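>>> need a 3D model of the following:
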Amino acid sequence: MAQVETVKPATLVIEPGLEQAVKWPWKVEPSAAEAWGLSIEEPVVDPAGNPSEPGMPKKEGGAVPVAKIVPKGPPPAMLEHVVVKGDSLTVIARAHGVTVDQLRIFNDLKNDRIVLGKVVKVPGADDIKAMIEIAVAAEKAAAKDAPKATPKKAPAPLREVAPVLIATKPHRALPPAAWGAASLVLIQSFLDRQGFTIGPIDGTAGPMYDAAYKAFEKAHPGELHTPEGQSSAAMKAIGGPYVEYVLSAADMRWISPHPGSAAGGKVKGKSMGPLPTLEELTHESFMAYRSGWEFVAERFHAAESFLRNINPGVKNGNVPGAVFLVPNVLPFEIENALAEPLQPAADPAAPISASMLGVSRLVIRRGDVVIASMPVSSARPGLRGRKIWKILDVVARPRLASMGDAAAPMTVPYRLAAGPNNPVGIVWINLAKSGDPQPLPYGLHGTSIPGTMMKQESVGGFRMTNWDIARAVRLLPVGTELKWE
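Numbering: from 1, shown residues only. Modelled structure (predicted):
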């Protein structure tokens, strides 16, 4: 049975706005799908007939600039691009969400020269996956055949493997903070893509980075680096540590029209916004991101402070058209994260199991193979389980309700609306003790404070970042065993 210690650490910090609320009992409720998100204005047409995006700053004369939307990733399937005047591999790659090296390898090009009227094939997602698998297989075969006493210079078999995708040049100069963190961001982004996450990516080493790195090495030995200590073909194949993201008008559906910061705080002396109060939190109809910075940081699994440090040129991160440098992860798309079905059907041929390691990491296995390892923290000190629990059903878009202090309850309950900044995030997974069909009051859920979830007390049960819980829920069928270790 879950237990809560009554003695709290003297240095305990509480999620802003919930200083009194952490003492109250809260009930999880589902919310309507149609209420998920804010209302945004429809695009308007200027006198010249050009559509504009809501929130875009107007130019003199009334013309409204339209943000150029960069694809988030490769096309679903291979497509053909006919070269026109002004095209280059860089232009084609950026237009279709792939890298120059992916185009070069897929088209078997010896250099970057392309000819007007010729066709450049753009690889789809499955094509890129296949290229990565070929590169990894070739690298493993080469490493297996390499002499045991590997010289400092790579042996011929390693130099002759299939072409390896390399980090691509950014479309604007990288600031010093981004250059300095590039090597770690590449590893952190690669681990994140494999399901071995560190929480918010920040380009620094630390306990969560070490835990993810060691977990991946144990599950997939030798797949992070070559025998010479270089980045593996699979790591290089993601295309580099960073990509760019353009904030769009559609993104404004998830961002508060009153920019601030969910947790407040400062970055190098600059305020990230005021701390919210309980009154403000309970009066919101949708708990949206408090700024474009917070939205982009969560979308690309980054610490907001790190995102600000590597984007010193972004003067206003709250309007469509702002261009951000971001970690090269598979983005958390809140607009698609809750598409049904959320939980998979159980597969007896490949059973799923899960373990909670010291209330610090959730490990998910398919058979004997670890397929995910993600940070977890308890919302309250001392909260943990024993022996075997099980995964039950899911409450999507949860909201919270409480009558307040049990000694003097309110006649009208407090409510914390659904949204990514709800203290339990975007999804709540019900948990139960083995053999008991009744859900416990402590679920597995998201969080509104990914950067401080290991340090701040809140309401709920066992928290993960919203991007991790969105992936975990799609790996955990109803009835999955959860072992406490």
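
>>> quote the end-to-end distance of stretch 463-482.
Stretch 463-482 has an end-to-end distance of 15 Å (criterion: Cα to Cα, to the nearest Å).

>>> that one: how far from the chain's middle?
Per Cα atoms, centre = their mean, to the nearest Å, the displacement of stretch 463-482 from the mean C-alpha position of its chain is 14 Å.

>>> check which element follows the lowest-mean-pLDDT helix or strand in the chain along the chain.
Ranking every helix and strand in the chain by mean pLDDT, DSSP states H and E puts helix 156-159 at the bottom, with a mean of 27. Proceeding N to C from helix 156-159, the next assigned helix or strand is helix 176-193, under DSSP states H and E.

>>> residues in contact with that following helix?
Outside helix 176-193, the residues within contact range by Cβ atoms under 8 Å, 6 or more residues apart in numbering are 167, 174, 197-198, 201-205, 209, 212-213, 216, 224, 231, 234-235, 238, 240-242, 301, 306, 309-310, 312, 325, 327-330. (Glycine included, C-beta is placed from N, CA and C.)

>>> check which residues of that helix are buried.
Neighbour-count burial for helix 176-193 flags 177-178, 181-182, 184-193 (criterion: 16 or more other Cβ atoms under 10 Å).

>>> export that helix as PDB, just CAs?
C-alpha atoms of helix 176-193 as PDB (Å, rounded to 0.1, in the frame of the first residue of the first chain):
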ATOM      1  CA  PRO A 176      28.400  30.000 -27.900                       C
ATOM      2  CA  ALA A 177      26.000  28.400 -25.400                       C
ATOM      3  CA  ALA A 178      24.800  26.100 -28.200                       C
ATOM      4  CA  TRP A 179      28.300  25.200 -29.500                       C
ATOM      5  CA  GLY A 180      29.500  24.500 -26.000                       C
ATOM      6  CA  ALA A 181      26.700  22.000 -25.300                       C
ATOM      7  CA  ALA A 182      26.400  20.500 -28.700                       C
ATOM      8  CA  SER A 183      28.200  17.200 -27.900                       C
ATOM      9  CA  LEU A 184      26.000  16.400 -24.900                       C
ATOM     10  CA  VAL A 185      22.800  17.700 -26.600                       C
ATOM     11  CA  LEU A 186      23.500  15.200 -29.400                       C
ATOM     12  CA  ILE A 187      23.800  12.300 -26.900                       C
ATOM     13  CA  GLN A 188      20.800  13.500 -24.900                       C
ATOM     14  CA  SER A 189      18.600  13.900 -28.000                       C
ATOM     15  CA  PHE A 190      19.600  10.400 -29.300                       C
ATOM     16  CA  LEU A 191      18.900   8.800 -25.900                       C
ATOM     17  CA  ASP A 192      15.500  10.700 -25.800                       C
ATOM     18  CA  ARG A 193      14.600   9.300 -29.200                       C
END
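
>>> and the spatially most central residue of the chain, backbone torsions?
Nearest to the geometric centre of the chain sits His301, at 3.6 Å (Cα atoms, centre = their mean). The phi/psi pair for His301 (degrees, to the nearest 10) reads phi 60, psi 40.

>>> how about the nearest residue to it, chain neighbours excluded?
Val329 (4.9 Å; Cβ to Cβ, 6 or more residues apart in numbering).

>>> I'd assumed Arg299 was in contact with that neighbour.
No - contact criterion Cβ atoms under 8 Å: Val329 and Arg299 do not qualify, at 9.0 Å.

>>> could you give the bridge partners of Tyr245?
Phe324 (DSSP bridges).

>>> ok, it touching Phe300?
Yes - in this structure, Tyr245 is within contact of Phe300 by Cβ under 8 Å, at 6.7 Å.

>>> higher neighbour count, those two?
Counted by other Cβ atoms under 10 Å, Tyr245 and Phe300 do not tie: Phe300 has more neighbours, with 25 against 19.

>>> list the contacts for the closest residue to that one other than its chain neighbours?
Take Phe300 and drop its neighbours on the chain: the residue closest to it by Cβ to Cβ, 6+ apart is Val326, 3.8 Å away. By Cβ under 8 Å, 6+ apart, the contact list for Val326 reads Tyr242, Val243, Glu244, Tyr245, Val296, Arg299, Phe300, Ala302, Leu307.

>>> could I get those as CSV with secondary structure?
What follows is the contacts of Val326, written out as CSV (DSSP: H, G, I helix; E, B strand; the rest coil):
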residue, secondary structure
Tyr242, strand
Val243, strand
Glu244, strand
Tyr245, strand
Val296, helix
Arg299, helix
Phe300, coil
Ala302, strand
Leu307, helix
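
>>> of the residues you listed, buried ones?
Among these, the ones that count as buried by 16+ other Cβ under 10 Å are Tyr242, Val243, Tyr245, Val296, Arg299, Phe300, Ala302, Leu307.

>>> widest-spaced pair of the residues you listed?
Tyr242 and Arg299 (13.9 Å; Cβ to Cβ).

>>> just say helix, strand or coil for Arg104.
Put simply, Arg104 is helix when judged by three-state DSSP.

>>> wait, Leu440
Judged by three-state DSSP, the three-state class of Leu440 is coil.

>>> and the nearest residue to it once chain neighbours are set aside, what element?
Leaving aside its chain neighbours, Leu440 sits nearest to Leu431 (5.2 Å; criterion: Cβ to Cβ, 6+ apart). Assessed by DSSP H and E, Leu431 sits inside strand 427-433.

>>> give me the mean pLDDT for the following helix or strand past that strand.
Remark: after strand 427-433, the chain's next helix or strand is strand 444-445, criterion DSSP H and E. Averaged over strand 444-445, pLDDT sits at 98.

>>> and strand 444-445, how far out from the chain's middle?
Taking Cα atoms, centre = their mean, the mean C-alpha location of strand 444-445 is offset from the chain mean by 16 Å.

>>> which other helices and strands does it contact?
With contacts taken as 3 or more Cβ pairs under 8 Å, 6 or more residues apart in numbering; DSSP states H and E, strand 444-445 sits against strand 427-433, strand 462-463, helix 466-472.

>>> can you tell me which of these is nearest to Ile114?
Short answer: helix 466-472, nearest of those by Cβ to Cβ, at 36.7 Å.

>>> mean confidence for that closest one?
For helix 466-472, the mean pLDDT works out to 98.
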